[in-house]
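Undergrad: Predicted model and sequence below, questions to follow.
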Amino acid sequence: MTQADSSNPNISEEEIKFKKLEIWLNFVKYILSVILTGIFATYINFQIQNKNLEIKEREQELTLQMKQKEQEQEYLRNFINLALDDKLEKRVRFAQYFSSLLEGKWINYYENIKSEYNNDLNKIIEKQEQLSRLTELDISENKAIIERLQLEISVIKAKLNPQINSHNADYETDSLTIKSEVYAKITSHTNGDRVANSEIIKGVCQNIPDNRYLWIVVRPKLFPNYHPQSNQSGSEPISKGCDGKWETTIFLGENSKKNKNEKFDVLLISLNDKGNEQMIEYLRQANKQHKWKGLNSLPNETEIFHKVLLIRK
């Protein structure tokens with residue numbers, strides 16, 4: 001072979017350019033493949049790390065939930081005696097506390113036990129009203145009925161407080177006391193009366209001692225909180241002790257245009273010094289803030305003498 005043959009004079013410049021382009025494209029493809037492989041590997045690694053992080057966060061969340069659950073169970077074990085207490089009022093307060101703290105099923109439990117408690121209180125009030133009417137008539141034929149009512153009342157009270165002797169017609173509990181030796185009644189209104197937003201309410205009383213304070217409390221049927229009523233400048237009760245007549249102004253509903261046809265329980269009660277201060281303080285704060293939300297329950301050692309159901313015009 002000659003020198004002319006080895007130089008291959010038949011290859012053109014265009015073919016040389018094509019070869020160079022081909023080499024360049026192969027290089028670019030290689031670079032791109034390396035870059036894409038790196039990006040893909042980085043993406044996969046990011047996804048794996050992100051997934052691992054989510055798993056760890058979930059594990060930490062589950063661990064925290066388990067610890068909270070264990071703490072709740074431990075906390076409940078410390079109060080199990082209250083949850084199983086025969087005294088219904090204690091169970092109501094216990095359920096109310098845990099329903100605000102833990103929510104969930106505790107809210108349903110609280111509502112159920114509160115409803116049971118309120119039903120028992122209403123039964124006592126109704127039976128006491130019957131007892132008061134029969135006692136006023138002073139008919140000897142009513143003696144057996146009076147004794148039966150007294151026994152029924154004491155049995156219900158024994159349910160609220162098992163320490164009470166169910167055969168004793170004179171009874172007391174932490175939240176409610178009803179006595180027959182003293183007397184107070186609403187005389188200006190009777191059950192079913194239709195009334196305005198503002199009403200003057202009157203009544204009579206006898207033998208209420210000076211260490212008891214007479215109050216009127218309004219309880220809407222739709223929103224059964226207790227709303228103390230006072231027309232005194234210092235948000236004070238109707239009277240301290242009582243033997244004669246009494247009079248005060250009550251408010252039923254927000255204003256004259258709202259709450260039409262709604263029903264309201266009006267309760268005549270008396271309180272001790274501490275309960276009286278609670279009522280006064282509630283009214284002062286409510287008047288100051290212009291928010292009258294009412295009380296969830298009546299103060300301890302409340303005496304309920306009379307209740308009437310009024311309907312807004």
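TA: Everything's here; your move. These numbers were taken from a predicted model, which means no experiment stands behind them.

Undergrad: State the number of residues packed around Ser132.
TA: As a burial measure, Ser132 scores 17 neighbours (other CB atoms under 10 Å). For the C-beta atoms, the positions are set from N, CA and C on the backbone; glycine is no exception.

Undergrad: ok now do it, which residues does it touch?
TA: Contact analysis of Ser132 by CB atoms under 8 Å, 6 or more residues apart in numbering lists 183, 185, 305-306.

Undergrad: and if you look at Pro299?
TA: Contacts for Pro299 were tallied using CB under 8 Å, 6+ apart; they are 175, 271-272, 274-275, 278-279.

Undergrad: what secondary structure does it sit in?
TA: At Pro299 the chain is in coil, as set by DSSP: H, G, I helix; E, B strand; the rest coil.

Undergrad: Quick check: it vs Arg194, distance?
TA: According to CB to CB, to the nearest Å, Pro299 stands 30 Å off from Arg194.

Undergrad: would you turn the contacts of Pro299 into CSV with pLDDT and secondary structure?
TA: Formatted as CSV, these follow (pLDDT from 0 to 100; DSSP: H, G, I helix; E, B strand; the rest coil):
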residue, pLDDT, secondary structure
Ser175, 39, coil
Leu271, 93, strand
Asn272, 93, coil
Lys274, 94, helix
Gly275, 93, helix
Gln278, 93, helix
Met279, 93, helix
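
Undergrad: wait, which of the residues you listed is closest to Glu13?
TA: Gln278 (108.4 Å; CB to CB).

Undergrad: ok, the closest one - contacts?
TA: For Gln278, the contact set (CB under 8 Å, 6+ apart) comprises 271, 295, 299.

Undergrad: try Glu199
TA: 189, 249-252, 310.

Undergrad: rerun at 7 Å
TA: For Glu199, the contact set (CB atoms under 7 Å, 6 or more residues apart in numbering) comprises 250, 252.

Undergrad: One more: the one 4 residues further on?
TA: Under the criterion of CB under 7 Å, 6+ apart, the contact partners of Gly203 comprise 184-188, 246, 268.

Undergrad: Narrow these to those that are buried.
TA: Burial by neighbour count, judged by 16 or more other CB atoms under 10 Å, picks out 184-186, 246, 268 from the contacts of Gly203.

Undergrad: those helices in the stretch 101-250 of the chain, which residues are they?
TA: Applying DSSP state H, counting those that start in this stretch to the stretch 101-250 of the chain gives helices spanning 105-137, 143-160.

Undergrad: helices or strands next to the shortest one in the packing?
TA: Contacts of helix 143-160 with other secondary structure elements, assessed using 3 or more CB pairs under 7 Å, 6 or more residues apart in numbering; DSSP states H and E, are made with helix 88-102, helix 105-137.

Undergrad: Just the mean pLDDT for the longest one, thanks.
TA: Spelled out, that is helix 105-137. The average pLDDT within helix 105-137 is 74.

Undergrad: re the thing from before, and the buried ones among the contacts of Gly203, which of them are in strands?
TA: Counting by DSSP state E, the part of these found in strands is 184-186, 246, 268.

Undergrad: of those residues, closest to Lys69?
TA: In terms of CB to CB, no member of those lies closer to Lys69 than Leu268, at 47.5 Å.

Undergrad: quick one, what contacts the closest one?
TA: Counting by CB under 7 Å, 6+ apart, Leu268 makes contact with 184-186, 203, 216, 305-306.

Undergrad: Could you give the bridge partners of it?
TA: Ile216, His306 (DSSP bridges).

Undergrad: Excluding sequence neighbours, find me the nearest residue to Gly275.
TA: Spatial nearest neighbour of Gly275, excluding adjacent residues (CB to CB, 6 or more residues apart in numbering): Pro299 at 3.3 Å.

Undergrad: and the one you found, how far is that from Pro237?
TA: Applying CB to CB, the value for Pro299 to Pro237 is 12 Å.

Undergrad: Angles on the backbone of the closest residue to Thr249 other than its chain neighbours, please.
TA: Distance criterion CB to CB, 6+ apart; nearest residue to Thr249, sequence neighbours excluded, is Asn231 at 4.2 Å. Backbone geometry at Asn231, expressed as degrees, to the nearest 10, gives phi -110, psi 20.
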